[in-house]
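Q: model the following, please.
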Amino acid sequence: MLNKVLILSASAGAGHVRAAQAIEKAFVELKAAHEVKNIDTLEYTNSIFHRLYSKAYIEVVNRTPELFGWFYDYFDKPWHNERLRLAFDRLNTRPFVRMLEAYQPDIVVCTHFLPAEIISWLKDKKRISTRQAIVITDFDVHAFWLCHNFEHYFVAIEETKVHLEEFGVGPDKITISGIPIDPVFAEHKDKAKMRRLHKLEPDLPTILVSAGGFGMGPVEKLIQSLMKMREKAQVVVICGKNEELKQRVDTFLRDAPTNLPVLFKTLGYTTEMHTYMSAADLILGKTGGLTTSEALAKGLGFIIVDPIPGQEQRNADHLLEEGAAIKCNNWSVLSYKIDKLLNNPQRIAEMQLKAHSLGRPSAAHDIVEKLICL
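A: Okay, here's the model as predicted:
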């Protein structure tokens, strides 16, 4: 059993935080540490830096995703701009450094590259001696995740392990664990019971639309496209913590025709994503690392539309390559592509089978069990 464990994320997007929460829950369930702290690194930075990392990220992704994709690709150069970026991060994370030096954990688990980079620098300067594990929260690895001083990497798939090895990371320092998700996603839930629980029609094909934890993306545009479907289905739209988005969607649906073959149900933030995924057949939308991993654990086929350039596009590529997804590149044909899919139950079953085979619902527990042995 470990003594003091520090789990570090950054609230730039919801996925890094959810991965950290999953690891924390696994530590508690396995009784693997005397003390576990889960901290958002940005809470230990100045307000301007905090805003830049969280709110600016959401604004750019929502308003100019192409710009985000350009930055993602431009900075995906291993070991380039490392010193400049580190100097900038150190300047803005002094309270974080003081907290680390005071707490002195036995091991740090990072689900975001910002704390991993700072800890690597502190280890190099002999200011802390803690062991560091880095959990990559997408299927691909960006150069920002690379650092010099660490004990272990956890990755989603074998291809990412090979990628890290090409950068000089020893294979004994990499574990293919999957992306950590809440262990509750490993629990089997009966589809019929979950549909009754959420007052959904028992026999209609069920499509889950997730806008992510922060409710991002052109959801109204997506719903407008779904209204053109000819096949009967029910769509559950989850707007996350974006209350304004839910209000807009509700208003949009109130003005919709009443004779549509598609039924819509809208939700804000929910802690019942695992039961809604258990009730669904397909998931529609973007391909963030955590939502994708949760859906794979539940064996959902993917309908990919408008992934954010960068990590979501790369996640989408993996799903398409494995046969767990279809992709729609043009909004004008989204309803056509879904109608075509709903008319091919065998194709849906194949996608679900592929998704289930890719899922790693026990990733959080597997990571903790490995950490105990480091």
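Q: going forward, measure contacts between C-alpha atoms and count neighbours the same way
A: Noted.
Q: now do the contacts for W331.
A: 222, 225 (CA atoms under 8 Å, 6 or more residues apart in numbering).
Q: same deal with A279?
A: Counted by CA under 8 Å, 6+ apart, A279 has contacts 190-195, 206.
Q: look at it and report its pLDDT.
A: Listed pLDDT for A279 reads 98.
Q: dihedrals phi and psi, it?
A: Backbone geometry at A279, expressed as degrees, to the nearest 10, gives phi -80, psi -20.
Q: any idea how many residues pack against the closest residue to it other than its chain neighbours?
A: Spatial nearest neighbour of A279, excluding adjacent residues (CA to CA, 6 or more residues apart in numbering): K191 at 4.7 Å. By the criterion of other CA atoms under 10 Å, K191 has 17 neighbours.
Q: residues in contact with K191?
A: By CA under 8 Å, 6+ apart, the residues touching K191 are 278-280.
Q: circling back to that earlier point, of the contacts of A279, buried ones?
A: Among those, the ones that count as buried by 16 or more other CA atoms under 10 Å are 191, 194-195, 206.
Q: quick check: the farthest pair among the residues you listed?
A: Across those, no pair lies farther apart than M194 and T206, at 11.6 Å, counting by CA to CA.
Q: can you give me the strands in this protein?
A: Secondary structure of the chain (DSSP state E): strands located at 2-9, 33-40, 107-110, 131-135, 152-155, 174-176, 206-210, 233-238, 262-267, 282-285, 301-305, 325-328.
Q: TSV for the ones you listed, including mean pLDDT and distance to K161?
A: Output for the strands of the chain, formatted as TSV (pLDDT from 0 to 100; distance: least, CA to CA, whole Å):
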stretch	mean pLDDT	distance to K161
strand 2-9	96	21
strand 33-40	96	26
strand 107-110	98	17
strand 131-135	97	12
strand 152-155	98	7
strand 174-176	98	6
strand 206-210	93	29
strand 233-238	95	33
strand 262-267	93	37
strand 282-285	94	27
strand 301-305	95	24
strand 325-328	96	23
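Q: tabulate these (TSV), appending distance to L146.
A: Putting these into TSV (distance: least, CA to CA, whole Å) gives the following:
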stretch	distance to L146
strand 2-9	16
strand 33-40	20
strand 107-110	12
strand 131-135	9
strand 152-155	10
strand 174-176	13
strand 206-210	30
strand 233-238	34
strand 262-267	38
strand 282-285	29
strand 301-305	29
strand 325-328	29
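Q: dump the C-alpha coordinates for stretch 258-267 into CSV.
A: What follows is stretch 258-267, C-alpha atoms only, in CSV (Å, rounded to 0.1, in the frame of the first residue of the first chain):
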residue,chain,number,x,y,z
THR,A,258,-44.7,17.6,-33.8
ASN,A,259,-45.0,14.8,-36.4
LEU,A,260,-41.3,13.9,-36.5
PRO,A,261,-40.3,10.2,-36.6
VAL,A,262,-37.5,11.1,-34.1
LEU,A,263,-38.2,11.6,-30.4
PHE,A,264,-35.9,14.0,-28.5
LYS,A,265,-34.9,14.1,-24.8
THR,A,266,-32.6,16.7,-23.4
LEU,A,267,-30.4,16.7,-20.3
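Q: need the contact list for Q21.
A: 38, 182.
Q: make 4 the starting number, not 1.
A: In the new numbering, first residue 4, that becomes Q24.
Q: per-residue pLDDT of it, please?
A: Looking at Q24, the pLDDT reads 97.
Q: and it, how far from I351?
A: 32 Å (CA to CA, to the nearest Å).
Q: same check, this time on H83
A: The spacing between H83 and I351, counted by CA to CA, is 43 Å.
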